[in-house]
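>>> 3D model of this:
(one chain, ligands or ions: 1)
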Amino acid sequence: MKGKKINTKIINGNQTALKIEEALKKEVAALTRKPQMAVILVGDNPASLIYVTHKKKTAERIGIEAQIYHLSPVMTQDALIAFIEELNQNPAVHGIIVQLPLPKHINESCILNAINPQKDIDGLHPQNLGQLFIDQPTFIPCTPLACLTLLKSVCKNLTGKTAIVVGRSRLVGKPMAQLLLNEQCTVIQAHSKTKNLKKLCSIADIIVSATGHAGLIRKSYVKKGAVLIDVGIIRLADKKITGDMAFNEMIGHAKAITPVPGGVGPMTVMMLMKNVVSAYKNTEKNI
Ligand code: NDP
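Model prediction:
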């Protein structure tokens with residue numbers, strides 16, 4: 001069998017996201033009120049502006065009301081916390097997100113920790129991360145949830161699989177590793193100080209990479225028939241978008257791979273929408 005090419009499946013994130021969108025539209029149409037999310041954007045980071053607009057448009061297609069609060073780049077941390085507190089207290093608001101990154105003078109952790117965990121649709125509050133840690137999650141961070149959903153679309157049984165997560169951020173790597181552990185995988189967590197990444201990757205059935213280093217994961221790192229989830233988004237000098245994995249090399253070698261763009265990205269936004277609807281339902285339950 002050695003040398004025989006595999007018919008590699010390209011995991012289509014756009015298509016899967018569209019299916020979930022259709023299901024969410026129906027779910028939202030049956031609700032008594034419109035779910036409402038507040039999106040806080042501090043400053044004028046051009047990429048953040050694009051992401052926020054995309055989230056609003058997606059929400060509107062589904063029937064979710066998305067209010068964007070575009071705040072001054074010189075806003076103080078205390079003022080931002082006070083603003084979040086107002087939204088926490090507002091019963092009309094079901095979910096709150098703060099678009100990252102924040103300006104340098106604002107401590108990201110302090111801001112994420114200020115969001116009411118019941119409205120934390122990004123799932124990044126310590127309470128929600130802790131709940132994920134004990135496998136009793138309320139909100140799961142959107143990108144890891146997107147990765148898991150795509151992974152399950154090609155890998156029905158994750159039990160006992162060896163998975164490596166490259167990256168250990170609060171946003172992606174750490175919650176991703178925990179999710180896979182909760183799915184009964186044997187998990188290796190790699191990062192920039194990891195020695196012999198190639199060898200560790202080569203024993204994995206599943207590789208999830210979230211580093212932002214273009215082409216870090218080469219074919220020589222990958223066991224034949226492994227499933228590859230590429231989270232990285234890198235804009236090259238010629239303006240093209242690419243991921244962490246050497247995509248072309250993996251065709252004929254991997255069992256399945258997510259493309260960049262068109263893989264994890266569109267699914268991340270859809271997972272956010274799912275979390276807004278969950279937040280709405282949780283609130284209604286508690287009234
Ligand atoms: P961070 O910069 O916060 O984290 C990157 C992680 O990668 C760190 O843990 C770092 O290790 C690790 N790392 C960096 N270089 C290497 C290396 N050479 N070998 C092994 N590990 C390495 O980024 P994020 O987690 O926020 O995002 C990661 C990527 O995913 C980015 O490209 C981002 O744009 C993309 N992204 C995509 C999303 C999507 O929807 N598709 C959503 C969110 C992010 P250390 O901790 O030691 O520094």
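
>>> the ligand contacts on the stretch 1-150 of the chain?
Thr143 (Cβ under 6 Å from any ligand atom). All C-beta spots, glycine's among them, are computed from the backbone N, C-alpha and C.

>>> show me the contacts for whatever residue of the stretch 1-150 of the chain ends up closest to the ligand.
Per Cβ to the nearest ligand atom, Thr143 is where the stretch 1-150 of the chain lies closest to the ligand, at 4.2 Å. Residues counted as contacts of Thr143 (Cβ atoms under 8 Å, 6 or more residues apart in numbering) are Leu171, Val172, Met176, Ala210, Val231, Val264, Thr268, Met271.

>>> change it to 10 Å
The contact partners of Thr143, by Cβ atoms under 10 Å, 6 or more residues apart in numbering, come to 122-123, 169, 171-173, 175-176, 208, 210, 231, 264-265, 267-269, 271-272.

>>> distance of it from Lys174?
Distance of Thr143 to Lys174, given as Cβ to Cβ, to the nearest Å: 11 Å.

>>> what residue ranges in the stretch 1-150 of the chain score low on pLDDT?
Within the stretch 1-150 of the chain, the segments meeting pLDDT under 70 span 1-2.

>>> which stretches of it form strands?
Assigned by DSSP state E, counting those that start in this stretch, the stretch 1-150 of the chain shows strands spanning 9-10, 36-42, 65-71, 95-98.

>>> from the chain's centre, how far out does the first one sit?
Read it as strand 9-10. 20 Å (Cα atoms, centre = their mean, to the nearest Å).

>>> what does it rub up against?
Outside strand 9-10, the residues that touch it by Cβ under 10 Å, 6+ apart are 153-154, 227, 247, 250-251, 254-259, 262-263.

>>> partners of that strand in the sheet?
strand 256-257 (parallel) (DSSP bridges).

>>> touching the ligand at all, the partner strand?
No: legend: contact between strand 256-257 and the ligand by Cβ under 6 Å from any ligand atom is lacking; minimum distance shown is 13.9 Å.

>>> hmm, who's touching that strand?
Contacts for strand 256-257 (Cβ under 10 Å, 6+ apart): 6-11, 150-151, 153-155, 206-207, 222, 225-230, 243, 245, 247, 250-251, 263.

>>> wait, Ile96 sits on Ile84?
Yes: assessed by Cβ atoms under 10 Å, Ile96 is found in contact with Ile84 at 6.7 Å.

>>> mutual contacts of those two, please.
Ala38, Ile40, Tyr69, Ala114, Ile115, Asn116, Lys119.

>>> Ala163: which of these is nearest?
Ile115 (29.3 Å; Cβ to Cβ).

>>> how many residues are close by the closest residue to that closest one other than its chain neighbours?
Leaving out its chain neighbours, the residue that sits closest to Ile115 by Cβ to Cβ, 6 or more residues apart in numbering is Ile96, at 5.2 Å. Close neighbours of Ile96, defined as other Cβ atoms under 10 Å, add up to 26.

>>> can you pull the contacts of Ile96?
Counting by Cβ under 10 Å, 6+ apart, Ile96 has contacts 36-40, 67, 69, 84, 87-88, 90, 114-116, 118-122, 276, 279.

>>> filter the residues you listed down to the buried ones, ChimeraX style.
To isolate the buried ones among the contacts of Ile96 in ChimeraX, judged by 16 or more other Cβ atoms under 10 Å, type:
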select :36,37,38,39,40,69,84,87,88,114,115,116,118,119,120,121,122,276,279
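
>>> ok, the contacts of strand 9-10 vs the ligand, which is closest?
Looking across the contacts of strand 9-10 and measuring by Cβ to the nearest ligand atom, the closest to the ligand is Gly263, at 7.3 Å.
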